[in-house]
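S.K.: Structure for this input, please:
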Amino acid sequence: MMRVSYEPMSSTQFKRYVDRGLIRVERSKAGKKEFAALKAKVRALSRTVGAFGRLHGDFALLRIEVRQSALETRRHFDVVAESLRDDIRLLAEAVAGHSWQLDNHETPLTHLEQRP
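M.R.: Coordinates of the predicted model:
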C-alpha cells in the first residue's frame, strides 16, 4: 500500500507520485480492465491538477494587475490631494488678508477723525 502524502505537491511531484503508484499496480496481478480504469481516473485527475496550476497562474496575474491599479490610483489621489492643498492655501491666504483688513478697519477711521 502506498503512503498518502498530505503535504502540498507541485505538478511534477504529483506526476512522480502517481507514476510510482501505477508501476506498483502494473506489477501486481491486477486485471487489464481495472488498470485501464485506474489509468483513466489518474489522467483525469492529472488534468484537474494542471487546471489548478493554470488557475494559480491566473491569480498571480490578477494580483499583479490589482497592484498596478492600486499604484495608479495612489498616483491620481496624490495629484488630487496636491491640487486641494493649493486651493486650501489660496483660500487661507484670502481669509488671512480679509481678517487683517477687518482687524485694522479702525485705522482709517482714526486718521479721518484726527484731521482738522
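
S.K.: quick one, what contacts residue 105?
M.R.: Residues near residue 105 by CB atoms under 8 Å, 6 or more residues apart in numbering: none. Bear in mind the C-beta positions are built from the backbone N, C-alpha and C, glycine included.

S.K.: Check residue 55 too.
M.R.: So residue 55 contacts nothing (CB under 8 Å, 6+ apart).

S.K.: distance of it from residue 15?
M.R.: Between residue 55 and residue 15 the distance is 18 Å, computed by CB to CB, to the nearest Å.

S.K.: element containing residue 56, please.
M.R.: Assigned by DSSP states H and E, residue 56 belongs to helix 32-103.

S.K.: Show me the shaky parts of this protein.
M.R.: 1-6, 23-32, 108-109, 111, 115-116 (pLDDT under 70).

S.K.: can you do 90?
M.R.: By pLDDT under 90, the weakly predicted segments of the chain are 1-61, 97-116.

S.K.: ok, residue 18 - contacts?
M.R.: Residue 18 neighbours (CB under 8 Å, 6+ apart): 42, 45-46.

S.K.: Is it in a helix, a strand, or coil?
M.R.: helix (DSSP: H, G, I helix; E, B strand; the rest coil).

S.K.: Distance of it relative to residue 81?
M.R.: From residue 18 to residue 81 the distance is 56 Å (CB to CB).

S.K.: if we can go back for a sec, buried members of the contacts of residue 18 into ChimeraX, please.
M.R.: Those of the contacts of residue 18 that count as buried under 16 or more other CB atoms under 10 Å are selected in ChimeraX with:
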select :42
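
S.K.: I'd like the contacts of residue 18 as TSV, with distance to residue 76 appended.
M.R.: Shown next, in TSV, are the contacts of residue 18 (distance: CB to CB, whole Å):
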residue	distance to residue 76
42	51
45	46
46	46
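
S.K.: Go through the contacts of residue 18 and name the one nearest residue 75.
M.R.: Closest approach to residue 75 among those (CB to CB): residue 46, at 44.4 Å.
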